[in-house]
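In: Need a 3D model of the sequence below.
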Amino acid sequence: MPSHYQGNTQEIQALDTFIKLTRAVDSLYSRLARRGTLGDLTLSQFGVLETLYHLGSMSQSVICSKLLKSGGNMTLVVDNLEKHGLVQRNQDIEDRRITTVSLTSAGRDLIKEVLPVHVAAIVEEMNTISIEEQKTLGEICKKLGKKSSDD
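Out: Coordinates of the predicted model:
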């Protein structure tokens with residue numbers, strides 16, 4: 001559905017593209033959610049587990065920056081993962097102001113089980129477009145995501 005905004009050509013094109021991009025992402029997330037590939041995990045919880053699995057233990061603030069999430073939101077996500085025994089918090093010995101988050105063995109086992117199923121679902125969804133189109137879309141998204149707020 002195109003925008004009904006009555007602006008200039010540049011405004012109309014930008015809004016139309018933005019609407020298509022957000023609808024595509026929302027639709028993709030919705031289809032992945034219906035597949036149930038994450039089990040009982042939320043997308044944010046999965047993101048934390050996947051980040052720790054691939055990058056190792058790190059502070060909660062670094063996790064926030066990797067996942068583009070706010071500190072308050074991440075505290076809740078990590079609290080819930082910790083309640084379920086999937087992550088643990090450890091205070092840094094040299095600087096007690098720093099707390100690192102790491103996977104427990106249960107967290108490692110869960111992400112090893114969930115990740116391949118979720119990746120397979122993503123691959124299937126992305127097969128709607130060719131590998132070349134995926135590369136082009138990736139480059140465009142990277143360019144849009146890295147745009148400086150000063151521009």
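
In: quick one: residue 86 from residue 107, how far?
Out: Applying C-beta to C-beta, to the nearest Å, the value for residue 86 to residue 107 is 4 Å. C-beta: built from backbone N, CA, C; applies to glycine.

In: shared neighbours, the two?
Out: residue 49 (C-beta atoms under 8 Å, 6 or more residues apart in numbering).

In: my guess is residue 100 is in a strand, correct?
Out: Yes: counting by DSSP: H, G, I helix; E, B strand; the rest coil, residue 100 is found in a strand.

In: Grab the nearest non-local neighbour of it.
Out: Residue nearest to residue 100 in three dimensions, not counting chain neighbours: residue 57, with 4.7 Å by C-beta to C-beta, 6 or more residues apart in numbering.

In: For that neighbour, give me its contacts.
Out: 90, 100, 101, 102, 103.

In: Any idea what the second one is bridged to?
Out: The one in question is residue 100. residue 59, residue 90 (DSSP bridges).

In: and it, how many neighbours?
Out: 17 (other C-beta atoms under 10 Å).

In: separation between it and residue 42?
Out: From residue 100 to residue 42 the distance is 22 Å (C-beta to C-beta).

In: One more: the last one?
Out: Applying C-beta to C-beta, the value for residue 103 to residue 42 is 17 Å.

In: Same question for the third one.
Out: According to C-beta to C-beta, residue 101 and residue 42 sit 16 Å apart.

In: who has more neighbours, these two?
Out: More crowded of residue 101 and residue 42, by other C-beta under 10 Å: residue 101, with 22 against 13.

In: dump the residue contacts of that one.
Out: Going by C-beta under 8 Å, 6+ apart, residue 101 touches 48, 52, 57, 58, 59, 60, 63, 78, 87, 88, 89, 90.
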